[in-house]
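1. below are the sequence and a predicted model; questions follow.
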Amino acid sequence: MAIELKMPALSPTMEEGTLARWLVKEGDEVSSGDILAEIETDKATMEFEAVDEGTVGKIVVPEGTENVKVGTVIAVLADEGEDVGDIEASSAEPADEGEESSAADDDEGASAGPAPQRPRREPRADPEIPDGTNMASVTVREALRDAMAEEMRRDERVFVMGEEVAEYQGAYKVTQGLLEEFGPKRVIDTPITEYGFAGIGTGAAMGGLRPIVEFMTFNFAMQAIDHIVNSAAKTNYMSGGQMRCPVVFRGPNGAASRVAAQHSQNYGPWYASVPGLIVIAPYDSSDAKGLLKAAIRSEDPVVFLENELVYGRTFELPELDDHVLPIGKARIMREGADVTIVSYSIGVGFALEAAEQLADEGIDAEVIDLRTLRPLDRDAILESLAKTNRLVIAEEGWPTCSIASEVIAICMEDGFDHLDAPVLRVCNEDVPLPYAANLEKLALIDAERIVEAAKKVCYV
Amino acid sequence: MADRPDADSEAGANKPALRLHVPEPKFRPGDTVDFSHVPISEAGKQPRPDEACDARETEGLCYDLIRVLGDDDKAHGPWDPKLDPETLRAMLGHFALVRAFDERMFRGQRQGKTSFYMKCTGEEATSVAAAMALASDDMVFPSYRQQGVLIARGYDLVEMINQIYSNKGDKLKGRQLPIMYSSREHSFFSISGNLATQTPQAVGWAMASAIKGDTRIAATWVGEGSTAEGDFHSACTFATVYNAPVILNVINNQWAISSFSGFAGAERTTFAARALGYGLAGLRVDGNDALAVYAAQRWAANRARANAGPTLIEYFTYRAEGHSTSDDPAGYRSAQERDEWPLGDPVTRLKDHLIALGEWDEDRQAEMDRKAAERVKAATKEAEKNGILGHGMHQPFRTMFEDVFEELPWHLKEQAEQATRERLIKFNGGRPQ
């Protein structure tokens, strides 16, 4: 049987790469361990080796091809004794995840009947950005880097420290180019101890500098939480207002892709419960940049929660000399009249997707991105509720004692008279996140679950 | 607040400005590598104190390097464990299997059969020889590069691969990252992704063993980079305070992903010397010398078993490959380092020793390597029958709700039932659990 060779992933989050070079040609005999091709990503170059022996039957993707998706068949290997001429590449598309998606296809044909009127909504621009501003397409990763670089140029007290932030350019390449521009005294690799360098960063902030402490992920920062909660958050208060601790703790938060139980947790609700901390969790590039700059300038300690799966996404970023956004203000991402979907971070993407699907069914959903989790923009939530009278909150995290719980409390306390249906939360399953792809998918929130909840509160 | 209380004061203005030191490795990509600055002790010259000695008697050994295998491929000195050729050949067999396993799993990741893998190339002795020096039921708390322990303890290769593929044969039910094995039967604690947490846990386990009056000791492995973690220091403190029957193995493989050992303090002292401040016995060992590794681990095990105290061992070795399949070391270190490493390759050194003893030859080695590769290949094919990453539904989805608590709580039961109903509707009643 022919063996399909697929575009490999260097890491679980790699989505595509460049097929730089083929080191074999069709008809070549290869054996286990032979290097077949070189593949490049933004992170590194890797050699693609044969696992089994056989003959290279067909090279499907020629060398030099860019943006080859992971899982795409790039070549076909004939097994021992197989005729090379018989091989036809079955498909050059990425392998289907199989059962789940085929079932979804079946569902589509079932919904017959007259199509409802589709509410027309354009994505809403951030009112903080002046009309007519030129927009550039920038990834969240670059937006975060630019925010740090601009603030480091502006204020020499700003520096960044963390594991692998200097020479390696950050485990997720967020600090790319910073070492080169600012040198090893402002872009500092640290020993492996989150507890240690959270304390060092807190001390440096007390000492008059403006540290940006990068955690490789917030999952590793649980041991650092004592410094964040018991020291940084309370410095101002316990010194009777004499001393400040203007530190930013930032890094990816929430589930990434197949990194399992210990590395897939959302700490938004944890930090957002602590007086003295500012907690920001942006979704797109504009908010990532504008709010990180605001965080660095803040006199208060800030926990800045990013998302690994969003780093590579491209969004519009205003080309402004100094793009700083206000902390504590939610943003209406999409206006609507029938139901409000509140979310933050990666959940905003699902909420926007859900709003599109709901539009197809004639339901006009408003999507609100909280952006800041503490202080929470109650007014924005309540104003939208007053307009739509129905609210769903979508959160990529556990349901218990969550931001979702908090939003529901706000609606109960101050929005009760506006409610036409109970507020529903759409959260992850209440279990540690499994590794297996199918279980992981089932445990996490998605657009479908948001659609379902939105329809439920609309009683359709 | 770094501003002086009186910002306008001139006091101290003529003192020298303070300077910050940021460690920098000797070699970066493209550099010519010369390790002549690394002191290498002569094999056989290190004294071997009594296993029950006062911890202070090991002070010299914390700065030396315990070596048995000399440049003449013969065993020297008091640390020679005097293993019979049969045992040495078994050790070499484990080495061959670990290396073959790593090779195939690494390539499997590149082919999309799993999302992640970590090789231990160059460090095989620090797990295989150490595991052989322990009793098979001594509890081990490994880090993520000790596949050699499982292989030396005879863990089934198919089981290992099932876990790596997260397929339907995976005993961990699709919950853990690849290579984060767990085997109660092999006294091998679940590998944690969080660094150094296993070190105080090993000490705690050892203390519990002592409280219960058991005879089993505990051993743990941690990278030199992770010794910076607070957990490592808590482990040392508790181990010495309660004289816990435990061995703390520090694998100094020079690199923690891209951070060289200097970021954990190696520019100032050795990792073995950490033992001194705590009052632990400390040994610094050539980690690429399988006989020295075996001897040191056995010394520490006997010491612990005799209630004579815990030991911290630094194995000085070199991570010959990338940190994991997600890492490309070409970006931060010189490719020459591996070839220039002054302590050579642990597998080659043991093989050459057996040849020097007249108990082995290159042909038999080639045959052993070939058989190991065949065995791994067969195990891979067997495991692939249970599926590889991302192909179809491996784990019954209902299992996701199990083992969160001892008893399934009502709200998870409801969630599981709801999920079942939804799936029955979605798949027209046709989908299996």
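-> Yep, it's here.
2. which single residue of the stretch 201-350 of chain A ends up nearest chain B?
-> In the stretch 201-350 of chain A, no residue comes nearer to chain B than residue A:208, which is 3.2 Å away by C-beta to the nearest C-beta. No exception for glycine: its C-beta is placed from N, CA and C like everyone else's.
3. what's the neighbour count on residue A:62?
-> Residue A:62 has 9 neighbouring residues, counting by other C-beta atoms under 10 Å in any protein chain shown.
4. same question, residue B:18
-> Around residue B:18 there are 5 other residues, counting by other C-beta under 10 Å.
5. which helix or strand contains it?
-> With secondary structure defined by DSSP states H and E, residue B:18 is part of neither a helix nor a strand.
6. so how far is stretch A:345-354 from its chain's centroid?
-> 11 Å (C-alpha atoms, centre = their mean, to the nearest Å).
7. can you tell me what sits against it?
-> Stretch A:345-354 has contacts (C-beta atoms under 8 Å, 6 or more residues apart in numbering or on different chains) with A:123, A:253-254, A:266, A:268, A:281-284, A:305, A:307, A:309-310, A:313, A:333-334, A:341-343, A:365, A:367, A:369, A:394-396, A:445-448, A:450-451, A:454.
8. ranges for the helices of the chain?
-> Defaulting to chain A. With helices called from DSSP state H, chain A shows them at A:99-110, A:140-154, A:178-182, A:194-206, A:225, A:235-238, A:268-272, A:285-297, A:346-360, A:378-388, A:403-414, A:437-443, A:447-457.
9. actually it's chain B I care about, not the one you picked
-> B:59-63, B:85-110, B:124-133, B:147-152, B:157-165, B:198-212, B:230-241, B:274-278, B:290-305, B:336-340, B:346-356, B:362-384, B:410-426.
10. what's the closest non-adjacent residue to residue 286?
-> Since you didn't name a chain, this refers to chain A. residue A:317 (5.2 Å; C-beta to C-beta, 6 or more residues apart in numbering or on different chains).
11. please refer instead to chain B.
-> residue B:67 (4.4 Å).
12. check the burial of the one you found by counting its neighbours.
-> For residue B:67, using other C-beta under 10 Å, the count is 24.
13. same question, residue A:336
-> Residue A:336: 24 surrounding residues under other C-beta under 10 Å.
14. tell me the pLDDT at the nearest residue to it once chain neighbours are set aside?
-> Of all residues not flanking residue A:336 in the chain, residue A:366 sits nearest, at 3.5 Å (C-beta to C-beta, 6+ apart). Each residue has a pLDDT score; the one for residue A:366 is 98.
15. is it true that residue A:366 touches residue A:384?
-> Yes - using C-beta atoms under 8 Å, residue A:366 is in contact with residue A:384, at 5.5 Å.
16. overlap of the contact sets of these two?
-> A:332, A:340.
17. what sits against residue B:70?
-> Each residue near residue B:70 by C-beta under 8 Å, 6+ apart is listed here: B:42-44, B:76.
18. how about the residues of the stretch 351-460 of chain A by chain B?
-> Counting by C-beta under 8 Å from any C-beta of the partner chain, the stretch 351-460 of chain A comes close to chain B at A:429-432, A:434-439, A:442-443.
19. now, the most widely separated pair of those?
-> A:430 and A:437 (20.1 Å; C-beta to C-beta).
20. comparing these two, which residue is more hemmed in?
-> When neighbours are counted by other C-beta under 10 Å, residue A:430 and residue A:437 differ, and residue A:437 comes out ahead with 23 against 15.
21. burial of residue B:168, as a residue count?
-> By other C-beta under 10 Å, neighbour count at residue B:168 equals 17.
22. that one contacts residue B:389, doesn't it?
-> No - counting by C-beta under 8 Å, residue B:168 stays clear of residue B:389, with 12.0 Å between them.
23. coming back round to it: residue A:172 is nearest to which of the helices of chain B?
-> For residue A:172, the closest of these is helix B:85-110, at 19.2 Å, according to C-beta to C-beta.
24. do me a favour and average the pLDDT over the closest one.
-> 97.
25. same for that helix, what does it pack against?
-> Here helix B:85-110 touches strand A:45-49, helix B:124-133, helix B:147-152, helix B:157-165, helix B:290-305, helix B:346-356, helix B:362-384, going by 3 or more C-beta pairs under 8 Å, 6 or more residues apart in numbering or on different chains; DSSP states H and E.
26. can you list the domain ranges for chain B.
-> B:55-384, B:397-426 (automatic domain parsing).
27. can you redo those as a markdown table with distance to residue A:48?
-> Below are the domains of chain B laid out as a markdown table (distance: least, C-beta to C-beta, whole Å):
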| stretch | distance to residue A:48 |
| --- | --- |
| domain B:55-384 | 6 |
| domain B:397-426 | 33 |
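28. number of nearby residues for the residue of the stretch 201-350 of chain A closest to chain B?
-> Neighbour count for residue A:208, taken as other C-beta under 10 Å: 13.
29. can you name the residue of the stretch 251-400 of chain B nearest chain A?
-> Closest point on the stretch 251-400 of chain B to chain A, by C-beta to the nearest C-beta, is residue B:328, at 3.2 Å.
30. so that residue is in contact with residue A:40, correct?
-> No - checked against C-beta under 8 Å, the pair residue B:328 and residue A:40 is beyond contact range at 10.2 Å.
31. quick one: residue A:182 and chain B, what's the gap?
-> 12 Å (C-beta to the nearest C-beta, to the nearest Å).
32. mind listing what the nearest residue to that residue once chain neighbours are set aside touches?
-> In space, and not counting its chain neighbours, residue A:182 is closest to residue A:152: 5.6 Å by C-beta to C-beta, 6+ apart. Residue A:152 sits next to A:158-160, A:178, A:181-182, A:186 when contact means C-beta under 8 Å, 6+ apart.
33. same check, this time on residue B:403
-> Neighbouring residues of residue B:403 by C-beta under 8 Å, 6+ apart: residue B:173.
34. tell me the pLDDT of it.
-> In this model, residue B:403 is scored at 90, pLDDT.
35. one more: residue A:125?
-> We have a pLDDT of 85 for residue A:125.
36. for residue A:106, same thing?
-> Confidence at residue A:106, expressed as pLDDT, is 38.
37. up against chain A, what does the stretch 251-400 of chain B have?
-> Applying C-beta under 8 Å from any C-beta, we find that the stretch 251-400 of chain B lies next to chain A at B:256-259, B:263-265, B:325-328, B:330-332, B:373, B:377, B:389-395, B:397, B:399-400.
38. mind giving me the PyMOL select for these, buried ones only?
-> To isolate the buried subset of these in PyMOL, counting by 16 or more other C-beta atoms under 10 Å in any protein chain shown, use the following:
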select buried, chain B and resi 256+257+258+259+263+264+265+325+326+327+328+331+332+373+389+390+391+393+394+395+397+399+400
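39. I'd like to know which of the residues of the stretch 251-400 of chain B next to chain A are part of strands.
-> B:256, B:259 (DSSP state E).
40. what ranges do the strands span in the stretch 251-400 of chain A?
-> Remark: strands assigned in the stretch 251-400 of chain A by DSSP state E, counting those that start in this stretch are A:278-280, A:302-306, A:314-318, A:331-334, A:339-343, A:365-369, A:372-374, A:391-394.
41. before we move on, back to that, mean neighbour count, the domains of chain B: which tops it?
-> Across the domains of chain B, averaging neighbours per residue (mean count of other C-beta atoms under 10 Å in any protein chain shown) puts domain B:55-384 on top, at a mean of 21.
42. end to end on it, go ahead and measure it.
-> Domain B:55-384 has an end-to-end distance of 50 Å (criterion: C-alpha to C-alpha, to the nearest Å).
43. poorly predicted segments of chain A, please.
-> By pLDDT under 70, the low-scoring segments of chain A are A:1, A:12, A:42-44, A:79-116, A:120.
44. 90 instead, please
-> Along chain A, the model assigns pLDDT under 90 to residues A:1-21, A:23-59, A:63-64, A:66-126, A:128, A:131-132, A:207, A:239-243, A:256-261, A:436-439.
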